[in-house]
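**Student:** Fold the stuff below for me.
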Amino acid sequence: MEYFKRVLDLLLKEKSNNALIQFFRYAFVGGAAFVVDFGLLFILTDKVGVYYLLSATISFLCGLLINYALSVRWVFSKRRLSDTRMEFVIFGIIGIIGVGINNAIIWCGVEIAGLHYLWSKIIAAVAVLLWNFTARRQTLFK
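**Tutor:** Here you go, the predicted model:
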């Protein structure tokens, strides 16, 4: 039982520079951001009637704010920049590239493959999770 407590502490509590532990945490952070992103995408598109790619952009940016706040607080323990404004700008630029990837995959899924936009969003979320984690860890938090 002590072993499992130690593993949980390592995975959830202690600061770590281990890429696997960071990715584990980033997956949770990404999951929280995804819930906001996906939910807002659905609400804006289906309930409010906003064009799906505009909804995808707005919802993604809301998820980006949540992702940043949780990432700097829980996922990454070492920061390369002391200026948090510049850090957020770079974090945001990586996120904007992620929006491009996100929207391109959603568009291809809907317009080319004939998928529902929410299924396309799920596929896009996996690709963007990998992009965002790798780019942010390499540029900002290594």
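**Student:** Let me know the helix or strand that the residue nearest to the spatial centre of the chain is in.
**Tutor:** For the chain, the residue nearest the mean C-alpha position is Gly30 (4.1 Å; C-alpha atoms, centre = their mean). Per DSSP states H and E, Gly30 falls inside helix 19-42.
**Student:** Tell me which residues of that helix come out buried.
**Tutor:** Buried residues in helix 19-42, defined by neighbour count with 16 or more other C-beta atoms under 10 Å: 21-23, 25-26, 29-30, 33-34, 36-38, 40-42. Quick note: C-beta positions are derived from backbone N, CA and C, even for glycine.
**Student:** Equivalent analysis for stretch 133-142, please.
**Tutor:** 133, 135-137, 140-141.
**Student:** Could you do stretch 79-94 as well?
**Tutor:** For stretch 79-94, burial by neighbour count (16+ other C-beta under 10 Å) applies to 87-88, 91-92, 94.
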